[in-house]
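no FASTA, just this:
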């Protein structure tokens, strides 16, 4: 299965600032997925990032708020922009590696104060 | 539209009890995948199983077993002889075969196993 290195693991940020989360995969993957898990809630897909093209965002998520980069087949970043306390969540990246299922990064616990 | 329902919000059992976590899904696709993930208090998501829509065989892995029934659109998960280390939130998920294969998660079931 794929190994994903996600960082930072946690951060406390001031409202109005931005945070960029990085995910590095140990093998090439076509698509990477970014999820948000609000406190006590399930996971919701933010967007799907395909190398060489713009990310595809789910309903309720916009590029200005969550810009994503996918410069190559092993790396992606998600930025949470102009943060408010409502953005406090766990953010996870994920890849699909065939029979191993979807592998997830260890997550970034974001607290906005 | 695809949907996953985990009606059990929280389950509390005593160690060594068997426990079944329910998962009901909705999809119009004929080809799809179902998953179970475990999220312990540390927060990471641990992959447990992936099952495709054409394979209705039940699966057993140690103390874990899964019962997939297309007739009732259910994919239930049973832990036999539960242990304290099984305490976690368990998510059932469905893959969307609509091009990007995103995962659609249920709300999760929080399992507490008490000594």
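Right, received. Where do you want to start? Just so we're clear, the structure is a prediction, and the values are computed from it rather than from any experiment. Numbering: from 1, shown residues only, chains lettered A, B, ... in the order given.

check contacts around residue 63.
Since you didn't name a chain, this refers to chain A. Contacts of residue A:63 were listed using Cβ atoms under 8 Å, 6 or more residues apart in numbering or on different chains, and they are A:54, A:55, A:57. C-beta: built from backbone N, CA, C; applies to glycine.

wait, chain B
Contacts of residue B:63 (Cβ under 8 Å, 6+ apart): B:79, B:80, B:81, B:82, B:83.

doesn't residue B:18 make contact with the second one?
Read that as residue B:80. Yes - under the criterion of Cβ atoms under 8 Å, residue B:80 makes contact with residue B:18 at 5.1 Å.

Which parts of chain A are strands?
With strands called from DSSP state E, chain A shows them at A:4-7, A:10-13, A:19-25, A:31-37, A:43-50, A:56-57, A:68-72, A:75-80, A:89-96, A:102-104, A:108-112.

can you tell if the fourth one touches chain B?
Yes - Strand A:31-37 lies within reach of chain B by Cβ under 8 Å from any Cβ of the partner chain, at A:31, A:33.

ok, what's across the strand from residue 33?
You didn't say which chain, so I picked chain A. residue A:48, residue A:94 (DSSP bridges).

meant chain B actually
Counting by DSSP bridges, the residues bridging with residue B:33 are residue B:52.

Could you verify my assumption that it touches residue B:55?
No - the pair residue B:33 / residue B:55 is not scored as a contact, 9.9 Å apart, by Cβ under 8 Å.

list the contacts for residue A:50?
A:30, A:31, A:56, A:70.

quick one, what contacts the first one?
By that I understand residue A:30. A:50, A:51, A:73.

if we can go back for a sec, in a markdown table: the strands of chain A, plus mean pLDDT.
Output for these, formatted as a markdown table (pLDDT from 0 to 100):
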| stretch | mean pLDDT |
| --- | --- |
| strand A:4-7 | 95 |
| strand A:10-13 | 96 |
| strand A:19-25 | 97 |
| strand A:31-37 | 94 |
| strand A:43-50 | 94 |
| strand A:56-57 | 94 |
| strand A:68-72 | 93 |
| strand A:75-80 | 97 |
| strand A:89-96 | 93 |
| strand A:102-104 | 88 |
| strand A:108-112 | 96 |
